[in-house]
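Undergrad: Using only what follows, build the 3D model:
(one chain, ligands or ions: 1)
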Amino acid sequence: MSLVYVNGEFVDSEKASISVFDHGYLYGDGIFEGIRAYDGVIFKLDEHLKRLYSMAKALLIEMPITMDEMKEKVIEAVKINRLKDAYIRLVVSRGKGDLGLDPYKCPKPTVVIIADKITLYPETMYKNGLKIITSTYRRNSIQALDPQIKSLNYLNNILAKIEAVKAGYPEALLLNQEGYVAECTGDNIFIISNGILFTPPSAVGSLGGITRSTVIDIAKQLGIPFEEKFFSLFNVYTADECFLTGTAAEAIPVVEVDHRVIGDGVPGPITNKIIEEFRKVTSILGTKVY
Ligand code: PMP
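TA: So this is what the prediction gives:
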């Protein structure tokens, strides 16, 4: 049995529930964060909380508890479930209202914290690399809903994921409305060409990933030249190396995109070095639980 935090108390996960009138359920009106704990340390918890509270601000969701209180509750969620390695899902929705769209009829946001386990990809995929395809769906336009908001409506990403899985691939790459490479369904993308590491800026229409910023810091420490740049599929197909980053996927190599072999078809040396360094910092950069 695990315990889940729902609006102020920890309850048995089997009995944890929210109202069917919650606008998170009715309209996808809400936001979420995925956070990892490694060996009793919650990776970059402060950064995740800051991002959550920024998203709430952008959506005019008034957080019912302070960031410090939220931090305490996240730590408690890991502790109470006696976890050392965990995946923590933080969900904040507009709360219970009526059947209309009006968010001002929802007096109090709903807060849920789930601490559990996750394994997204088997270790062999980290060793051999992923083969991915480009989705025919375009990433949500910034003008419609900025992908920097991890909203409870992930249909754009889910449709692309369905497309990938139906075609026999684990992940799909999405372009923005102009055809620039944006990100994958749940991960940011990096390419390496002639020794330079590139990733698109968030302005392309992608999430400002926390794993992404960790990788950028690692690259700087390793002295790998880095540039944020808009680029197209051509640049991906002709890159020497490619990898994805995300809280759930961590840093994972990509060896094929749309049937084009990337580099030598095996995870490249810079990618492997970055993954190695990333694994070293996961249980260092964060908030200690125990
Ligand atoms: N892009 C999307 C669409 C995501 O859902 C995620 C995972 N939350 C990421 C990128 C990676 O972000 P992070 O490293 O903060 O998990």
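Undergrad: domain parsing for this protein?
TA: Using automatic domain parsing, the domain ranges for the chain come out as 3-116, 123-281.
Undergrad: and the stretch 51-200 of the chain, which residues reach the ligand?
TA: On the criterion Cβ under 6 Å from any ligand atom, the ligand has as its neighbours in the stretch 51-200 of the chain the residues Lys150, Asn157, Glu183, Gly186, Asp187, Asn188. Quick note: C-beta positions are derived from backbone N, CA and C, even for glycine.
Undergrad: and if we set it to 8 Å?
TA: Of all the residues in the stretch 51-200 of the chain, those in contact range of the ligand (Cβ under 8 Å from any ligand atom) are Arg51, Pro147, Lys150, Tyr154, Asn157, Glu183, Cys184, Thr185, Gly186, Asp187, Asn188.
Undergrad: Mind giving me the PyMOL command for buried ones among those residues?
TA: To isolate the buried ones among these in PyMOL, judged by 16 or more other Cβ atoms under 10 Å, type:
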select buried, resi 51+147+150+154+157+183+184+185+186+187+188
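Undergrad: Turn the domains of the chain into a markdown table, including mean pLDDT.
TA: Formatted as a markdown table, the domains of the chain follow (pLDDT from 0 to 100):
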| stretch | mean pLDDT |
| --- | --- |
| domain 3-116 | 97 |
| domain 123-281 | 97 |
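Undergrad: Glu163: neighbour count?
TA: 17 (other Cβ atoms under 10 Å).
Undergrad: How about the contacts made by it?
TA: For Glu163, the contacting residues are Ile133, Ser135, Thr136, Tyr137, Ala172, taking Cβ atoms under 8 Å, 6 or more residues apart in numbering as the criterion.
Undergrad: ok so, going back, using a markdown table, lay out the domains of the chain together with distance to Tyr290.
TA: Supplementary listing: the domains of the chain in a markdown table, determined by distance: least, Cβ to Cβ, whole Å:
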| stretch | distance to Tyr290 |
| --- | --- |
| domain 3-116 | 5 |
| domain 123-281 | 19 |
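Undergrad: Report the closest residue of the stretch 51-200 of the chain relative to the ligand.
TA: Per Cβ to the nearest ligand atom, Gly186 is where the stretch 51-200 of the chain lies closest to the ligand, at 4.2 Å.
Undergrad: Now that residue: closest residue in space that isn't a chain neighbour?
TA: The shortest distance from Gly186 to any non-neighbouring residue, by Cβ to Cβ, 6 or more residues apart in numbering, is to Gly246 (5.4 Å).
Undergrad: Quick check: the one you found touching Phe190?
TA: No: look at Gly246 against Phe190 with Cβ atoms under 8 Å: they stay out of range, at 11.4 Å.
Undergrad: The two - which one has more neighbours?
TA: Under the criterion of other Cβ under 10 Å, the comparison of Gly246 against Phe190 puts Phe190 first, with 25 against 22.
Undergrad: contacting residues around the more buried one?
TA: Listed by Cβ under 8 Å, 6+ apart, the contact partners of Phe190 are Leu197, Phe198, Thr199, Arg212, Val215, Cys242, Phe243, Leu244, Thr245.
Undergrad: so which helix or strand takes in Ser283?
TA: Assigned by DSSP states H and E, Ser283 falls within no helix or strand.
Undergrad: in the helix or strand harbouring Ile274, what counts as buried?
TA: Take DSSP H and E as the rule and Ile274 turns out to sit in helix 269-281. For helix 269-281, a neighbour-count test (16+ other Cβ under 10 Å) marks Ile270, Thr271, Asn272, Ile274, Ile275, Glu277, Phe278, Val281 as buried.
Undergrad: residues touching the fifth one, list them.
TA: Spelled out, it's Ile275. Tyr126, Phe243, Glu250, Ala251, Ile252, Pro253, Pro267.
Undergrad: Secondary structure class of Asp46, three-state.
TA: The local conformation at Asp46, judged by DSSP: H, G, I helix; E, B strand; the rest coil, is helix.
Undergrad: That one and the ligand: what is the separation?
TA: Distance from Asp46 to the ligand, counting by Cβ to the nearest ligand atom, to the nearest Å: 13 Å.
Undergrad: How about Arg279?
TA: From Arg279 across to the ligand, the span is 15 Å (Cβ to the nearest ligand atom).
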